[in-house]
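Peer 1: Pasting a predicted model and its sequence here:
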Amino acid sequence: MRTSNFYLFPLKENPTDAFLASHKLMLRSNMIRQSATGIYTWLPLGLIVLKNIENIIRDLHKDFMIQELLMPTIQSAELWKKSERYSDYGKEMLRISDRNKAELLYGPTNEELITDIVSKDLRSYKDFPKILYHIQWKFRDEVRPRFGVMRCREFLMKDAYSFDTSYENSYLSYCKMFLLYLKIFKKLGINALPFEAETGPIGGTLSHEFILETANGESEIFYDKTINDIEFKNIDFNDNEKVKKLILEYSNYYSKTSEKHKKKFFEKNVKLENRKYSKGIEIGHIFYFGTKYSKKLNSMFLDNNGKSNFIYSGSYGIGVSRLVAAIIESSYDEKGIIWPAEVAPFKIGLINVRVGDNLSTEYSENFYKFFKKKYSIIYEDRDIRLGQKLNIFDLIGLPVQLIIGEKNISNNNIEVKDRKSGKISLISKDQIEDYLKKNYEF
RNA sequence: CGGGGCGUAGCGCAGCCUGGUAGCGCAUCUGCUUUGGGAGCAGAGGGUCGAGUGUUCGAAUCACUCCGCCCCGACCA
């Protein structure tokens, strides 16, 4: 991609109505634009990042043999009446009616719908276990939307649902999703920790929130900081004993949200120097339901004795659009965003220092043609001042900048600037690719 | 949902108190000069002042109503 073609109109000044750094930076870097309170357009740059995150989540679900489907955004009120959540969910649910006055709603979540879907297909104990997910827009009519896409009304969520034949099996699915989540967040380049949590209107008996610690987060967390010492092992997902063992390891450490926090227990059992009270952003939330939904919706299967039983289920959410903001919130500086390489809109920013110079232009063009075949790259080919070029790439947070200017290229050198450290290295043009491979994971 | 605040050019703001028909910075366009960290000079374009009603000879300015948006508190991916 060339900047001369790319739809990118960064703002020099900070928007006044944004409070969080992530919100300001997303507006300044032209990633999003608000269209109504808590409702946003994802502009090209923002959409690339959103899709990158989606795809990382997709790939890892695929690795775990979890299948994707796509449920609609608009649902009929019928199932929600059966589960009795049509009234319980309250004003957060956006209710709509169609031309025939049928009651519809813009889905805030999909437990009812997915339970109804699978109950038509999963009839024998032999059909289990199954985990399905989709990545779909949700709408929750928040009392007070704020902080950009962090707490908005329309948001993109990955929600997975597990279906099993017993408590034991269902708990195992819960544990596997727990580990999958740790793996996903690690891959996204962020340190999100699991916390015991309340189940809220989603319901159930067991629940964990995955929270990314940040100074401005809305969730309060209490934990034993040595939980970070647990080494996340890439264990075999089908090895049930290893899965349970690793979960047990996590549950040995104190980590609770404020709703679950027990002050006395915390102080008695966790050493003072290890006690951590902090704030963070909830980016994932998992729930064990047991038969809560299957009973309401009458979802049964036949066991090996030919007897009908209720299906055991759980649900597992990741706030995909919120993650974009959360990642920024944990990785930025005074110049702008610093993307982890995995989610960066482009991994490399190529800068031709001066378009008017034949030598640097020739090299820039050649480098671009060569690199674009193999790498995600954006090429700054416009005739604007160098300061602008550098500041824009700093703002949009590309991990590496290749700066090609007449002075250095005449000595066969290219400047390689690392966004995070700001460090600039002069690298011989023939060794650029090796250098990038060695120092960056792409 | 309660409390506070804001709405004037694409963005950021001044003008409002004390009514007289709209201004600044950035951005945009043209020209010249510049060219290694958001350039300089000269010129130009761009507004039914959120909407409606009222008061007045006259309303961005005063009053009322509505709409939109932001912030602070109780809820949530």
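Peer 2: Good, I have the coordinates.
Peer 1: Would you pull up the residue in chain A closest to RNA strand B?
Peer 2: residue A:405 (1.8 Å; C-beta to the nearest atom of the strand). Just so you know, the C-beta spots here come from the backbone N, C-alpha and C atoms, and that holds for glycine as well.
Peer 1: In this structure that residue contacts residue A:360, no?
Peer 2: Yes - using C-beta atoms under 8 Å, residue A:405 makes contact with residue A:360 at a distance of 5.5 Å.
Peer 1: Kindly report the residues of the stretch 301-442 of chain A close to RNA strand B.
Peer 2: A:317-319, A:321-322, A:335, A:353-354, A:356, A:385-388, A:390-392, A:394-395, A:403, A:405-409, A:415, A:417, A:424 (C-beta under 7 Å from any atom of the strand).
Peer 1: List only buried entries from those.
Peer 2: Among those, those buried by neighbour count (16 or more other C-beta atoms under 10 Å) are A:317-319, A:321-322, A:353-354, A:390, A:392, A:394-395, A:403, A:405-406, A:408-409, A:415, A:417.
Peer 1: next helix or strand past the helix or strand containing residue A:414?
Peer 2: Per DSSP states H and E, residue A:414 falls inside strand A:413-418. Helices and strands here follow DSSP H and E; after strand A:413-418, the next one along the chain is strand A:424-428.
Peer 1: Parallel or antiparallel, which strands does that following strand pair with?
Peer 2: strand A:413-418 (antiparallel) (DSSP bridges).
Peer 1: Check the offset of the partner strand from the chain's centre.
Peer 2: 31 Å (C-alpha atoms, centre = their mean, to the nearest Å).
Peer 1: C-alpha coordinates for that strand, CSV please?
Peer 2: In CSV, the C-alpha atoms belonging to strand A:413-418 read as follows (Å, rounded to 0.1, in the frame of the first residue of the first chain):
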residue,chain,number,x,y,z
ASN,A,413,22.8,2.2,3.9
ILE,A,414,19.2,2.4,5.1
GLU,A,415,18.0,3.6,8.4
VAL,A,416,15.9,1.2,10.4
LYS,A,417,14.0,2.8,13.1
ASP,A,418,12.4,0.7,15.9
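Peer 1: outside of it, which residues touch it?
Peer 2: With contact meaning C-beta atoms under 8 Å, 6 or more residues apart in numbering, strand A:413-418 is reached by A:363, A:367, A:399-405, A:408, A:423-429, A:432, A:435-436, A:439.
Peer 1: hmm, 7 Å instead?
Peer 2: Outside strand A:413-418, the residues that touch it by C-beta atoms under 7 Å, 6 or more residues apart in numbering are A:400-404, A:408, A:424-429, A:432, A:435.
Peer 1: So which of those is surrounded by the most neighbours?
Peer 2: Most neighbours among the contacts of strand A:413-418, by other C-beta atoms under 10 Å: residue A:404, with 27 neighbours.
Peer 1: which residues of chain A fall in helices?
Peer 2: Along chain A, the segments classed as helices by DSSP state H run A:21-28, A:44-63, A:77-82, A:85-88, A:111-121, A:167-187, A:240-251, A:263-269, A:292-297, A:320-329, A:358-371, A:386-396, A:406-409, A:432-439.
Peer 1: CSV for those helices, including mean pLDDT?
Peer 2: Below are these laid out as CSV (pLDDT from 0 to 100):
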stretch, mean pLDDT
helix A:21-28, 94
helix A:44-63, 96
helix A:77-82, 94
helix A:85-88, 88
helix A:111-121, 96
helix A:167-187, 95
helix A:240-251, 91
helix A:263-269, 92
helix A:292-297, 94
helix A:320-329, 95
helix A:358-371, 95
helix A:386-396, 96
helix A:406-409, 92
helix A:432-439, 95
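Peer 1: List the contacts of the spatially closest residue to residue A:304 that is not a sequence neighbour.
Peer 2: The shortest distance from residue A:304 to any non-neighbouring residue, by C-beta to C-beta, 6 or more residues apart in numbering, is to residue A:125 (5.8 Å). Residues in contact with residue A:125 (C-beta under 7 Å, 6+ apart) are A:165, A:301, A:302, A:303, A:304.
Peer 1: and which of these is nearest residue A:221?
Peer 2: residue A:165 (34.6 Å; C-beta to C-beta).
Peer 1: contacting residues for that closest one?
Peer 2: Applying C-beta under 7 Å, 6+ apart to residue A:165 gives the contacts A:125, A:128, A:301, A:303, A:309, A:312.
Peer 1: ok, back up a step: okay if I get the helices of chain A as JSON lines plus distance to residue A:345?
Peer 2: Output for the helices of chain A, formatted as JSON lines (distance: least, C-beta to C-beta, whole Å):
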{"stretch": "helix A:21-28", "distance to residue A:345": "12"}
{"stretch": "helix A:44-63", "distance to residue A:345": "4"}
{"stretch": "helix A:77-82", "distance to residue A:345": "38"}
{"stretch": "helix A:85-88", "distance to residue A:345": "38"}
{"stretch": "helix A:111-121", "distance to residue A:345": "32"}
{"stretch": "helix A:167-187", "distance to residue A:345": "17"}
{"stretch": "helix A:240-251", "distance to residue A:345": "33"}
{"stretch": "helix A:263-269", "distance to residue A:345": "41"}
{"stretch": "helix A:292-297", "distance to residue A:345": "38"}
{"stretch": "helix A:320-329", "distance to residue A:345": "10"}
{"stretch": "helix A:358-371", "distance to residue A:345": "16"}
{"stretch": "helix A:386-396", "distance to residue A:345": "7"}
{"stretch": "helix A:406-409", "distance to residue A:345": "26"}
{"stretch": "helix A:432-439", "distance to residue A:345": "17"}
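Peer 1: And the residue nearest to residue A:142 when sequence neighbours are not counted, its phi and psi?
Peer 2: Counting by C-beta to C-beta, 6+ apart, the nearest residue to residue A:142 once its immediate chain neighbours are dropped is residue A:153, at 5.4 Å. Main-chain torsions, residue A:153, degrees, to the nearest 10: phi -90, psi -40.
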